[in-house]
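Enquirer: here is a sequence with its predicted model. Questions after.
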Amino acid sequence: MRGWNEIIGYDNEKDYNWQDESVKLPKLGEEVLISWQDKQRPSRSPFVGYFKQTKYGIRTIISANDGMDFCPLQNGMRWRRFNQPDMREKIREYIGELDMEIDRLESDLEKQITYNEEACKVTATESRLNAIIEVKNDLLGRLEEVI
């Protein structure tokens, strides 16, 4: 599991999705482990739940008990994701694999041109190379949007 994220600076006057970037929140409906202590129960155990938009504002919902409404979202609550991979890291790994394939295709293309291979083979390699470069650039653009 990853580390805990504490909700600090949540503004009830703003929409959930329009909070400041510094406020770390899971997606609405995303099941996470939630920890919340208060003066009445300082040793409360973490529970599996999610945040949901209701007519009363953002509420913390306990996944067990058929989605029991627990309490409003508050500063000081902590949450963490389960063993889900970091998708940005997976994309970076995939871009690395694409780089290796690009290097291999560039080398193949150079050999094909050097040894006067058939034009259709050269064109096929160029097309594949261009397609992979386009996919890589698209992923890099999306990665920058997310970060």
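Expert: Cool, got the structure.
Enquirer: from here on, contacts and neighbour counts on C-alpha atoms
Expert: Noted.
Enquirer: contact partners of stretch 109-124?
Expert: Under the contact criterion C-alpha atoms under 8 Å, 6 or more residues apart in numbering, stretch 109-124 has outside partners Thr125, Glu126.
Enquirer: go with 7 Å
Expert: Thr125 (C-alpha atoms under 7 Å, 6 or more residues apart in numbering).
Enquirer: one more: stretch 8-15?
Expert: Surrounding stretch 8-15, the residues in contact under the criterion C-alpha under 7 Å, 6+ apart are Gln19, Val23, Asn75, Gly76.
Enquirer: in it, what counts as buried?
Expert: Residues Tyr10 are the ones in stretch 8-15 that count as buried (16 or more other C-alpha atoms under 10 Å).
Enquirer: now Asp20: how far from Tyr115?
Expert: 59 Å (C-alpha to C-alpha, to the nearest Å).
Enquirer: the more surrounded of those two?
Expert: Looking at Asp20 and Tyr115 with other C-alpha atoms under 10 Å, you find the greater number of neighbours at Asp20, namely 12 against 9.
Enquirer: sec struct for the more buried one, please.
Expert: Put simply, Asp20 is coil when judged by DSSP: H, G, I helix; E, B strand; the rest coil.
Enquirer: tell me the pLDDT at it?
Expert: Asp20 carries a pLDDT value of 81.
Enquirer: Provide a list of residues in contact with it.
Expert: Applying C-alpha under 7 Å, 6+ apart, no residues qualify as near Asp20.
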